[in-house]
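Q: Quick one, what's the 3D model for this:
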Amino acid sequence: MTPRADSRWTVGDVAARLGVTVRTLHHYDEIGLLHPSERAANGYRLYTPEDRTRLRTIVLWRRLEISLEEIAAMLQDDDDTGTHLRRQRDAVMARRDELTELVRAIDNALEATMNNTPASTEDMREIFGTTFNDGYPAEAEQLWGDTQEWKQSAERTKHYTRQQWETIKVESDAVELTLLALFEADVASDDPRALDAAEGHRLHMETWFYDCGPRMLRNLAHLYVQDARFTASYDDAHGAPGFAAWVSEAMLARADVLDAAS
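A: A predicted model of the protein is given here:
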C-alpha cells in the first residue's frame with residue numbers, strides 16, 4: 001500500500017484539509033472526543049497522524065448520522081474498532097441499495113410526467129458541482145475517441161436526462177464512500193473486501209458508460225495515479241493522502257482476478 005504522510009498538523013491545517021470546521025474541532029476537544037496529542041514550541045496544538053486517523057473515523061461515523069455519544073463509546077473499544085467499521089460498511093451498502101432503488105423509483109415517476117430531454121450543461125454543473133469540467137468531454141474524445149469504449153459511452157450518455165445523471169451521481173458517491181471506508185480502516189488493497197468494492201466501481205462504469213473488462217479496468221486504474229486531477233479528486237477531496245493510489249491498486253488487483261477467471 002502507498003505510505004501516508006506523517007507530518008503534524010495545526011488546527012487550521014486540519015480544518016482546511018479535512019473539511020471540518022475549527023469550531024467543530026474545538027468542540028471535539030472540549031468533550032474529550034479528540035484531543036490534539038502534541039504541542040509546537042509556540043504553544044500551538046498539533047494533530048498527529050494517529051489523531052487524524054481518529055478524526056476521519058469520527059467524520060465517517062457522523063456522516064452515517066451516529067451520535068457523538070455513540071461514537072465516543074465505540075472509540076473507547078479499541079480492540080473492536082474493526083468490527084464497528086465492518087458493521088457500518090454493511091449499513092452503508094444497505095443504504096446504497098435503498099437509495100439506488102429510491103432514485104430509480106423517483107426517476108420512473110418523473111418520466112411519467114416529463115419528457116426525456118437530455119441534461120444540459122447547466123444541469124451537469126448543478127449535479128456534479130466543482131468536479132464537472134466543461135472541457136473534459138473534448139479532452140476524453142481526443143484521448144479515447146478511436147476506442148470502442150468511447151463510442152459506446154458517447155452513444156449511451158448523449159440521451160441521459162438530468163434524473164439519470166442524478167442517479168449516476170448517487171451511485172458514484174456510494175461506491176466512493178465504500179472504498180473510502182475500507183481505505184480508512186487500513187484494509188489491504190488486495191483484500192477480498194477491497195476487490196468487492198473495486199468490482200462495484202467496475203459495474204457502475206459498465207452499467208452507465210461502457211463495457212469495462214480487465215483491460216479497460218486497468219486503463220481506468222492508471223488514470224488515478226497518472227492524472228493529477230483524478231488523484232486530487234480522491235486524495236484532496238477526502239483529506240486522505242494515498243487514497244487514489246490505493247483505489248488504483250485495488251482495481252488492478254480486481255483486473256487480475258477477472259483475467260484469471262476468463
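Q: contacts and neighbour counts: CA atoms only from here.
A: Will do.
Q: Check the chain and tell me which residue is nearest its centre.
A: Closest to where the C-alpha atoms of the chain average out (Cα atoms, centre = their mean) is residue 176, at 2.6 Å.
Q: quick one: secondary structure of that one?
A: The local conformation at residue 176, judged by DSSP: H, G, I helix; E, B strand; the rest coil, is helix.
Q: now the one 4 residues further on
A: When states are read from three-state DSSP, the local structure at residue 180 comes out as helix.
Q: cool, and the one 10 residues further on?
A: Look at residue 190: counting by three-state DSSP, its state is coil.
Q: where's it relative to residue 127, distance?
A: Distance of residue 190 to residue 127, computed by Cα to Cα, to the nearest Å: 32 Å.
Q: One more: residue 156?
A: From residue 156 to residue 127 the distance is 18 Å (Cα to Cα).
Q: the more surrounded of these two?
A: Neighbour tally, residue 156 and residue 127, criterion other Cα atoms under 10 Å: the higher count belongs to residue 127, 19 against 13.
Q: What is the burial count for the nearest residue to that one once chain neighbours are set aside?
A: Distances taken as Cα to Cα, 6 or more residues apart in numbering place residue 166 nearest to residue 127, at 6.4 Å, with adjacent residues excluded. Residue 166 sits with 20 neighbouring residues when counted by other Cα under 10 Å.
Q: same question, residue 194
A: Residue 194 - counted by other Cα under 10 Å - has 24 other residues nearby.
Q: May I see the buried residues of the host helix or strand of it?
A: Using DSSP states H and E, residue 194 sits in helix 192-208. Using 16 or more other Cα atoms under 10 Å as the test for burial, helix 192-208 gives 193-205, 208.
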